[in-house]
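Novice: Next comes the sequence, and after it the predicted model I'd like to discuss.
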Amino acid sequence: MPASASYFIDRAAAEAAVRYSLPTIQAAMQDKKVGESGFLYIVVMDPGRLPQLSSFEEAILYEHAIGDRERWDADYAAFARAKAQVAWKTGMNSHAVQELYPHLLGSGDTLLWGSVAMDGIVVGVSGAHPWFDEAIAGTVAMWMRALSKAHAHADRRDALFLPKE
């Protein structure tokens, strides 16, 4: 997997965002109203890899499975990826696209929802009911944004430009 194109969000930040979200996710998964599967899959996109310049696969920054994949009753990874792809290519939550902007959907796009696009950060989730998938995706995205801000604040104290890598 190529390095992140975003200076302030990389794979380590995505892993940390999921890790910080896990207590909330695991508590929610204990409630059958959230979802009956007991499984969850999370896809985090690289905010520096835009649809105009990257393939979807190149733009996947991090993926995380919860629960034993050998026991899955559906392909939650494929569903989460498909949800993330709709949000990534449109820059909008998949629910908003499907309900308000269906003209943006293309051949092969999913009609499932449960992904967010927040300030250029895209996260797709599958395994719970779509409204809870969306909430979990939003939680991870908020952690990504916070980690980015923390990193940016630390790096900008005495600099006028980001270092070239």
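Specialist: Looks like it came in fine. Numbers count the residues shown, from 1 in each chain.
Novice: List phi and psi for the residue nearest in space to the middle of the chain.
Specialist: Taking CA atoms, centre = their mean, the centroid of the chain lies closest to Val123, which sits 1.3 Å from it. Main-chain dihedrals, Val123, degrees, to the nearest 10: phi -140, psi 130.
Novice: And for Leu61?
Specialist: Main-chain torsions, Leu61, degrees, to the nearest 10: phi -90, psi -40.
Novice: Local confidence estimate at Gly67?
Specialist: If you check Gly67, the pLDDT there is 89.
Novice: do Gly114 as well
Specialist: 98.
Novice: could you list every residue that touches the residue lying closest to it once chain neighbours are set aside?
Specialist: Leaving out its chain neighbours, the residue that sits closest to Gly114 by CB to CB, 6 or more residues apart in numbering is Asp133, at 2.7 Å. Where C-beta positions appear, they are placed from N, C-alpha and C, glycine not excepted. Neighbouring residues of Asp133 by CB atoms under 8 Å, 6 or more residues apart in numbering: 80, 83, 113-115, 125-127.
Novice: nearest to Pro163, of these?
Specialist: Nearest to Pro163, judged by CB to CB, of the contacts of Asp133 is Ser115 at 32.3 Å.
Novice: The closest one bridge partners, please.
Specialist: For Ser115, the beta-bridge partners under DSSP bridges are Gly124.
Novice: so how many other residues sit close to it?
Specialist: Using other CB atoms under 10 Å, Ser115 has 33 neighbouring residues.
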